[in-house]
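Engineer: Sequence plus predicted model, see below.
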Amino acid sequence: MKKTKWTIDPTHSQVQFKVKHLMITTVTGSFNEFESTVETSSDDFADAQVSFTAKTASVNTGNEQRDGHLQGDDFFNAEKYPELKFNSTRITKKDDENLELEGDLTIRDITKKVKLAVEFGGVMTDPWGNVKAGFTVTGKISRKEFGLSWNAVTEAGGVVVSDDVKIHSELQYIKVVTPETVSA
């Protein structure tokens with residue numbers, strides 16, 4: 001069966017993470033530079049193959065000092081490991097709007113299997129004739145499992161940064177138009 005290729009629309013997508021600071025508030029970060037493709041032969045994306053990369057040096061929490069720390073060896077080590085990567089291995093359709101995406105996530109030099117919840121927002125043609133597909137992707141990972149183990153202890157015995165990292169991404173993809181798709 002013929003596969004359709006989709007590529008990320010970075011101007012209409014956000015890749016965010018959330019982590020507890022001092023266990024009392026949540027800090028939100030994002031990656032400003034990322035790429036992703038999806039290949040599928042079904043309209044509901046239930047057989048999709050997903051590839052995603054983000055530039056670790058593009059991490060942005062709205063605080064230059066914190067961003068520098070995250071880019072350093074205590075966390076991403078962006079100089080040695082310039083990208084984090086995800087490649088899907090399986091998709092399970094839960095219902096018409098919900099999928100479970102499984103795949104291999106690589107941060108630094110550590111690859112682990114992860115499961116992410118995907119809400120399929122649908123397909124729409126924009127005013128310029130581009131076919132777009134929208135998804136909300138959520139999940140949770142342990143940062144320590146990926147070698148991001150830096151922490152400090154407060155005077156009261158609490159930790160500065162939680163182990164759990166929540167992932168929340170709003171992703172919009174553009175259908176790649178090829179001579180075959182135009183004539184079909």
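Structural biologist: In hand now; what should we look at?

Engineer: what are the ranges of the strands in this structure?
Structural biologist: Taking DSSP state E to define them, one finds strands in the chain at 4-8, 14-21, 25-31, 34-40, 49-55, 59-60, 83-93, 98-107, 110-125, 131-142, 161-175.

Engineer: bridging residues for the closest residue to Leu99 other than its chain neighbours?
Structural biologist: Setting aside the residues directly before and after it, Leu99 is nearest to Val118 in space (C-beta to C-beta, 6 or more residues apart in numbering), at 4.2 Å. No exception for glycine: its C-beta is placed from N, CA and C like everyone else's. Beta bridges link Val118 to Leu99, Val137, judged by DSSP bridges.

Engineer: and what of Trp6?
Structural biologist: With DSSP bridges applied, the residues forming beta bridges to Trp6 are Val38, Lys175.

Engineer: for the one 10 residues further on, same thing?
Structural biologist: When bridges are taken as DSSP bridges, the partners of Gln16 come out as Ser30, His168.

Engineer: Tell me how many other residues crowd Thr125.
Structural biologist: Using other C-beta atoms under 10 Å, Thr125 has 10 other residues around it.

Engineer: let me fix that: Lys3
Structural biologist: When neighbours are counted by other C-beta under 10 Å, Lys3 registers 12.

Engineer: okay, how far is it across stretch 70-85, tip to tip?
Structural biologist: When the termini of stretch 70-85 are compared using C-alpha to C-alpha, to the nearest Å, they are 17 Å apart.

Engineer: if you average pLDDT over that stretch, what comes out?
Structural biologist: Taken as a whole, stretch 70-85 carries a mean pLDDT of 95.

Engineer: Same check on stretch 20-40?
Structural biologist: Mean predicted confidence for stretch 20-40 is 91.

Engineer: what about the chain, any weak spots by pLDDT?
Structural biologist: 151-160, 179-184 (pLDDT under 70).

Engineer: Tell me the buried residues in the helix ranked longest in it?
Structural biologist: The single longest helix within the chain, with elements called by DSSP state H, is helix 64-71. Burial within helix 64-71, assessed by neighbour count using 16 or more other C-beta atoms under 10 Å, is assigned to 66-67, 69-71.

Engineer: In terms of secondary structure, what does that helix contact?
Structural biologist: strand 59-60 (3 or more C-beta pairs under 8 Å, 6 or more residues apart in numbering; DSSP states H and E).

Engineer: next one: the strand it packs on to chain centre, how far?
Structural biologist: Here the centre of mass of C-alpha atoms in strand 59-60, compared against the chain's by C-alpha atoms, centre = their mean, to the nearest Å, lies 13 Å away.

Engineer: what does that strand contact?
Structural biologist: Residues outside strand 59-60 that contact it (C-beta atoms under 8 Å, 6 or more residues apart in numbering) are 29-32, 67, 70-71, 76, 78.

Engineer: That one pairs with which strands?
Structural biologist: In the sheet, strand 59-60 lines up against strand 25-31 (antiparallel) (DSSP bridges).
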